[in-house]
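In: Need coordinates for the following:
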Amino acid sequence: MTEIGSTAGRAAGPLWSMTVDVWARDVDYLGHLTAVAYPVVYEEAFYRFLAPRWGHSEPSFVNAELAVRYLHEVVLDASPITVSLRIEHVGTSSFRTAASITDALGTLCSTASTRYVAWDRAARRSRRLTDRERRALLEP
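Out: Just a heads-up that it's a prediction; the model follows:
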């Protein structure tokens, strides 16, 4: 898994980030963000990153792989959190991201690596990325 800030020998896209308030419903009985909420947070951030770049309110992509590392708990008192991501690789039909979650105190709480695949809604399968989509993934 590639960490945020590391290009691992590849040309990485620019870093993008957004702030998210932690919802009480996503906090478990131990007082921290439940493990199942992390993928939702990462997916929401990626959607907000991708939709304006591809110029579509419902961009066609699917999550093919997700690896999450839990490094430090996220508690309500450390909200809002910042989700940062960078495009690590763009292939023919898929692309990889490296992402992280940092709490309001600046503590790195989680990292994630994701592979997304461009999706053909009519054929119900993967498709090739268009040249426009490929360029948009790497633009600042």
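In: mind checking how far E43 is from L105?
Out: From E43 over to L105 the distance is 24 Å, taken as C-beta to C-beta, to the nearest Å. Where you see a C-beta, it was placed from the backbone N, CA and C, and this is true even at glycine.
In: More neighbours: the two, which one.
Out: When E43 and L105 are compared for neighbours, E43 comes out ahead with 16 against 10, by other C-beta atoms under 10 Å.
In: doesn't that one fall inside a helix?
Out: Yes: applying DSSP: H, G, I helix; E, B strand; the rest coil, one finds E43 inside a helix.
In: How about it, nearest residue that isn't a chain neighbour?
Out: Nearest residue to E43, sequence neighbours excluded (C-beta to C-beta, 6 or more residues apart in numbering): N63, at 6.7 Å.
In: So, low pLDDT: which residues of this structure?
Out: Within the chain, the stretches with pLDDT under 70 are 1-13.
In: Let me see the ranges of the helices in it.
Out: Secondary structure of the chain (DSSP state H): helices at 37-54, 131-138.
In: buried set for the last one?
Out: Within helix 131-138, the residues that qualify as buried by neighbour count (16 or more other C-beta atoms under 10 Å) are 133, 136-137.
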